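S.K.: sequence first, then the predicted structure, then my questions.
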Amino acid sequence: MQRFASLVLGLLLPLLAVPAHAEGPFSNWAAVVVAGDWHAHSGGPTEAFDNARRDIGLTLAGLGFAPDAIRQYSVRPKRYPTVRPSKTDLRAIHDDLRDLATKNTAGCLVYLTSHGAPEGAVLDDDILPPGLLAAVIDDACPARPSIVVVSACFSGVFVKPLQREDRMILTAARSDRTSFGCSEDDKYPYFDDCFLSSAPTARDFAALGRAVQGCVARRERDTGAEPASEPQLWIGAGLRPLLPLYAFPRPPPRGSAKPAAATLSSGAER
């Protein structure tokens, strides 16, 4: 009997074994998350962009991006010793994205949250024009799927220059509209807040983009913010049929969307 039990146990153990780490569709993707400014629309200080930068990074890790393949950037990096982001600088972002993409070859994600203008997005003391961002991504992430999210006023100006067959683009506003939620007291810009709150129930990035659009519209109606920002979503023909294959973990890890909400409502990271 003991010999029989040992035999059965030996047959069952391989079936019961669970791999310590199961790779997901984003485990070999590179990602950069950039806070491009630290000023509110009034000119005073705000933590909204850095709060979003921090929690977007955590959310991406929860959705299956490898933590060591996610880089974060802040205009005031020394203020955030917990995450230790790099200094927001286009050359550094370009070099790091190219380095990450060399090691993580399946795809790229770029997320920028900042103020914006009809000419582009604020990147520290400069304006990042759409054509230059397109050139950076084309160079660092050639011939692979990429997702670009620009959370800024007038960010719809990025859609056409960034369009590629294997790319998805999501912006916080039309090219002629402002976005909302970057005052001194806002925890996140409206768009970033909707990205974070919609991620836990979205199936993939296409569904997440649509959910963010609906969430922003509701938030603006509820707060009387007008004219409506109308976030833009564009998906290249080559990527559209593939996005359902890049499904998020089901269910997403608990707390991945806003892991720091209870303890870091505003102010510097501690």
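M.R.: That came through fine.
S.K.: for residue 41, what are its contacts?
M.R.: With contact set as Cβ atoms under 8 Å, 6 or more residues apart in numbering, residue 41 has these partners: 115, 182, 183. C-betas here are computed from N, CA, C, even on glycine.
S.K.: in strands, which of the residues you listed appear?
M.R.: Using DSSP state E to define strands, no part of those is located there.
S.K.: return a PyMOL selection command for the buried portion of these.
M.R.: Only the buried entries of the contacts of residue 41 go into this PyMOL selection, using 16 or more other Cβ atoms under 10 Å:
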select buried, resi 115+182
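S.K.: using CSV, lay out the contacts of residue 41 together with pLDDT and distance to residue 98.
M.R.: Converted to CSV, those look like this (pLDDT from 0 to 100; distance: Cβ to Cβ, whole Å):
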residue, pLDDT, distance to residue 98
115, 98, 26
182, 92, 30
183, 92, 35
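S.K.: return the closest of the contacts of residue 41 with respect to residue 136.
M.R.: Within the contacts of residue 41, the smallest distance to residue 136 is 19.2 Å, found for residue 115 (Cβ to Cβ).
S.K.: for the residue lying closest to the closest one once chain neighbours are set aside, list each beta-bridge partner.
M.R.: Closest residue to residue 115 apart from its sequence neighbours, by Cβ to Cβ, 6 or more residues apart in numbering: residue 122 at 4.3 Å. Beta-bridge partners recorded for residue 122 (DSSP bridges): residue 127.
S.K.: for the contacts of residue 41, which one is nearest residue 163?
M.R.: residue 115 (23.3 Å).
S.K.: that closest one touches residue 39, doesn't it?
M.R.: Yes: using Cβ atoms under 8 Å, residue 115 is in contact with residue 39, at 7.2 Å.
S.K.: break down the chain into its helices, ranges please.
M.R.: With helices called from DSSP state H, the chain shows them at 2-16, 48-62, 90-103, 130-140, 159-162, 190-198, 205-223.
S.K.: contact partners for residue 146?
M.R.: Neighbouring residues of residue 146 by Cβ under 8 Å, 6+ apart: 107, 108, 109, 110, 137, 164, 166, 167, 168.
S.K.: again but with residue 118, I slipped
M.R.: Neighbours of residue 118 in contact, by Cβ under 8 Å, 6+ apart: 154, 157, 175, 176.
S.K.: okay, now the closest residue to the second one other than its chain neighbours: neighbour count?
M.R.: Spatial nearest neighbour of residue 157, chain neighbours left out: residue 175 (4.5 Å); criterion: Cβ to Cβ, 6+ apart. Using other Cβ atoms under 10 Å, residue 175 is surrounded by 17 other residues.
S.K.: surely residue 175 and residue 156 touch.
M.R.: Yes: at 3.6 Å, residue 175 and residue 156 qualify as touching, with contact defined as Cβ under 8 Å.
S.K.: poorly predicted segments of the chain, please.
M.R.: Applying pLDDT under 70 to the chain flags residues 1-22, 251-270.
S.K.: find the residue at the geometric middle of it.
M.R.: What sits nearest the mean C-alpha location of the chain, by Cα atoms, centre = their mean, is residue 111, with 4.5 Å.
S.K.: in the sheet, who's paired with it?
M.R.: Beta-bridge partners for residue 111, by DSSP bridges, are residue 33, residue 149.
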